[in-house]
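Colleague: Build me a structure from this.
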Amino acid sequence: MSVSRFRLAACFAACCAMLGPALAGQTAPANQIRRLYVEPFATQAGSEKFREDVISELRRSNVVSLASDESSADAILGGGGEVWIKGYRSHNPQLGKVPPNGTPIYTGFLSIELRDKNGQTLWSYLATPPEASDDVSKDLSTLIVKKLVEALKQSEAASQTVPLPQPTTILKGAGATFPFPVYIKWFTNYRRENPALQITYEPIGSEAGVRKLLANSADFGTSDSPEVVHVLAPEHEEEYLFFPSVVGAVVPVVNLSGLPSDIAFTPEALAGIYLGKIKKWNDPILTRANRGLHLPDLDIAVVHRADGSGTSYVWTDYLSKISSEWKAQVGTSLAPKWPVGLEANGNDGVSKLVKERVGSIGYVEFIYALQNHLTYGRVRNRDGEFVSASLESIAAAASRSMKVSQDFKVSVVDAPRADAYPISSFTWIVVPAHSANDATRSALIGFLHWMLGAGQRQAAALGYLPLPQDVAIKEEAAIARIH
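Modeller: This next block holds a predicted model:
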């Protein structure tokens with residue numbers, strides 16, 4: 001594994017079997033998991049060494065005993081992903097070209113899930129490798145087992161939320177591409193529990209999706225902007241409810257080969273690039289933040305969304321908070337008047353264009369960067385720290401959710417913590433406060449309850465942070481507003 005590529009199995013989400021009743025929090029009680037089976041991981045190469053390293057770390061933790069097969073275990077740990085070497089760090093910085101015998105620089109991700117024998121997801125985590133490692137398999141194993149042990153020791157008490165019985169019906173949703181990977185996983189797994197209910201979803205962007213909701217051609221919309229209804233139909237704003245689903249991050253992705261480490265972005269650099277004022281990768285504003293990193297004398301190709309996008313809303317919300325010039329000239333918007341750049345539709349479209357265009361920069365939700373093998377930069381936060389997106393740094397930003405209002409419309413962009421990733425955001429499911437169709441209303445209520453329980457435990461494996469528990473509790477109560 002230390003020199004091989006890990007390959008994420010197609011639709012890793014499909015590896016999760018039927019999911020059961022929701023539990024409070026995101027973990028199962030520790031006293032219910034005494035014996036653990038570690039299954040082979042869905043990787044292309046090196047999986048056996050990784051499995052052995054995980055088992056070794058679990059033995060060292062002395063928290064659970066290990067079972068030899070699934071039948072004698074209380075829970076199963078497994079998953080898959082891909083980790084690869086993107087370059088080498090020279091042992092001698094004076095050398096020009098970095099030799100292949102330097103310290104390898106890793107990137108990638110592993111999606112890890114703990115399931116009970118019925119396939120219920122009890123816990124999940126997205127692990128990213130340390131930038132430099134002499135034994136990446138051991139380092140990842142240590143990290144994963146540390147997080148698992150912490151989760152097991154929380155020993156949350158269980159409480160069930162049972163979806164209401166549903167008649168045969170179809171729920172139609174449309175909107176954001178930001179949460180699309182986790183939504184598709186949720187809708188597939190929820191249907192396994194409720195075969196009479198099907199949820200369809202069109203990832204057409206926040207603006208187009210919410211417009212369909214407003215036109216009564218969708219049962220729910222989704223957006224990464226809490227202001228989307230206010231912008232599109234202010235006279236109907238009170239008729240719709242917003243329910244946060246998960247927390248994610250928008251990351252700046254770049255296509256620059258040969259860099260031994262991730263590029264660091266200051267707020268002034270990102271604003272300057274997207275204002276069209278910084279045109280070269282070796283601009284002094286960029287080189288000052290990346291001392292020791294050779295940035296090329298190469299034109300910057302700016303990529304942005306063409307469609308009305310919640311991801312664009314988060315990105316421009318951040319730029320408006322950190323740059324008075326951006327706020328005055330462009331502002332925060334689903335579909336801003338971009339000063340410069342190439343257009344692409346959806347997070348997938350931006351990912352594809354950046355991957356094809358050398359010297360380009362774009363912005364996408366975190367999991368799209370990982371799945372498309374795109375280099376994403378560290379961003380300097382309000383406390384002056386350069387922070388990469390991770391479950392931990394997104395959680396630090398989301399800790400501001402303690403101040404969340406009753407309508408759940410809150411921004412966690414530019415959060416004031418040293419360990420916070422500054423371009424983090426809730427994403428919302430938007431539903432009508434009143435539905436004349438009993439079947440549709442019951443289906444929405446049942447799914448939202450499930451989302452706040454079992455659904456949350458499935459989010460982390462795809463790089464999304466489960467909702468803070470205080471937010472989830474408030475949402476459970478707020479579901480009663482749907483009538």
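
Colleague: Quick one: mean pLDDT for stretch 313-323?
Modeller: For stretch 313-323, mean pLDDT rounds to 98.

Colleague: For that stretch, which outside residues touch it?
Modeller: Contact with stretch 313-323 is made by 178, 206, 223-225, 227-228, 250, 267-268, 270-271, 274-275, 326-327, 330-334, 336, 363, 411, 413-414, 422-423, 425, as judged by C-beta atoms under 8 Å, 6 or more residues apart in numbering. In short, each C-beta sits where N, CA and C put it, glycine included.

Colleague: next one: the host helix or strand of residue 153 to chain centre, how far?
Modeller: Residue 153 is located in helix 136-154, with elements delineated by DSSP states H and E. On the basis of C-alpha atoms, centre = their mean, to the nearest Å, helix 136-154 sits 19 Å off its chain's mean C-alpha point.

Colleague: One more: stretch 375-382?
Modeller: The chain centre lies 15 Å from the centre of stretch 375-382; the measure is C-alpha atoms, centre = their mean.

Colleague: Can you give me the end-to-end span of it?
Modeller: 23 Å (C-alpha to C-alpha, to the nearest Å).

Colleague: what does the average pLDDT come to for that stretch?
Modeller: Across stretch 375-382, pLDDT averages out at 96.

Colleague: Could you tell me how far residue 482 is located from residue 435?
Modeller: For residue 482, the distance to residue 435 (C-beta to C-beta, to the nearest Å) stands at 7 Å.

Colleague: who touches stretch 354-366?
Modeller: Residues contacting stretch 354-366 (C-beta under 8 Å, 6+ apart): 177-179, 248-257, 273, 281, 296, 298-304, 311-312, 315, 342, 344, 347, 350-351, 353, 372-374, 376, 389, 394, 463-464.

Colleague: who does the helix holding residue 153 touch, helix- and strand-wise?
Modeller: If you count contacts as 3 or more C-beta pairs under 8 Å, 6 or more residues apart in numbering; DSSP states H and E, helix 136-154 packs onto helix 47-61, strand 75-89, strand 103-116, strand 121-127.

Colleague: Check the contact lists of residue 482 and residue 435 and give me the overlap.
Modeller: By C-beta under 8 Å, 6+ apart, the residues touching both residue 482 and residue 435 are 441, 444.

Colleague: I'd guessed residue 271 sits against residue 326; true?
Modeller: Yes: at 4.9 Å, residue 271 counts as touching residue 326 under the criterion of C-beta atoms under 8 Å.

Colleague: where do the strands sit along the stretch 251-400 of the chain?
Modeller: Using DSSP state E, counting those that start in this stretch, the strands of the stretch 251-400 of the chain run over 264-265, 301-305, 342-344, 360-365, 375-376, 378-380, 386-387.

Colleague: Can you list the strands that the longest one pairs with?
Modeller: Yep, that's strand 360-365 we're talking about. Here strand 360-365 is paired, per DSSP bridges, with strand 240-254 (antiparallel), strand 301-305 (parallel).

Colleague: which residues sit in contact with residue 348?
Modeller: 177, 368.

Colleague: related to what we said a few turns ago, for the strands paired with strand 360-365, which one ends up most surrounded?
Modeller: The highest average neighbour count among these, using mean count of other C-beta atoms under 10 Å, belongs to strand 240-254 at a mean of 25.

Colleague: average pLDDT across that strand?
Modeller: 97.

Colleague: Tell me where the model's unsure across the protein.
Modeller: 1-31, 43-46, 89-101, 155-167, 400-402 (pLDDT under 70).

Colleague: just the helices in it please.
Modeller: 47-61, 136-154, 180-193, 206-214, 228-232, 267-274, 284-289, 310-322, 324-329, 346-356, 366-371, 391-398, 438-451, 469-478 (DSSP state H).

Colleague: Now render these as JSON lines, adding distance to residue 383.
Modeller: Below are these laid out as JSON lines (distance: least, C-beta to C-beta, whole Å):
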{"stretch": "helix 47-61", "distance to residue 383": "32"}
{"stretch": "helix 136-154", "distance to residue 383": "24"}
{"stretch": "helix 180-193", "distance to residue 383": "29"}
{"stretch": "helix 206-214", "distance to residue 383": "30"}
{"stretch": "helix 228-232", "distance to residue 383": "30"}
{"stretch": "helix 267-274", "distance to residue 383": "12"}
{"stretch": "helix 284-289", "distance to residue 383": "15"}
{"stretch": "helix 310-322", "distance to residue 383": "13"}
{"stretch": "helix 324-329", "distance to residue 383": "20"}
{"stretch": "helix 346-356", "distance to residue 383": "28"}
{"stretch": "helix 366-371", "distance to residue 383": "21"}
{"stretch": "helix 391-398", "distance to residue 383": "10"}
{"stretch": "helix 438-451", "distance to residue 383": "33"}
{"stretch": "helix 469-478", "distance to residue 383": "23"}
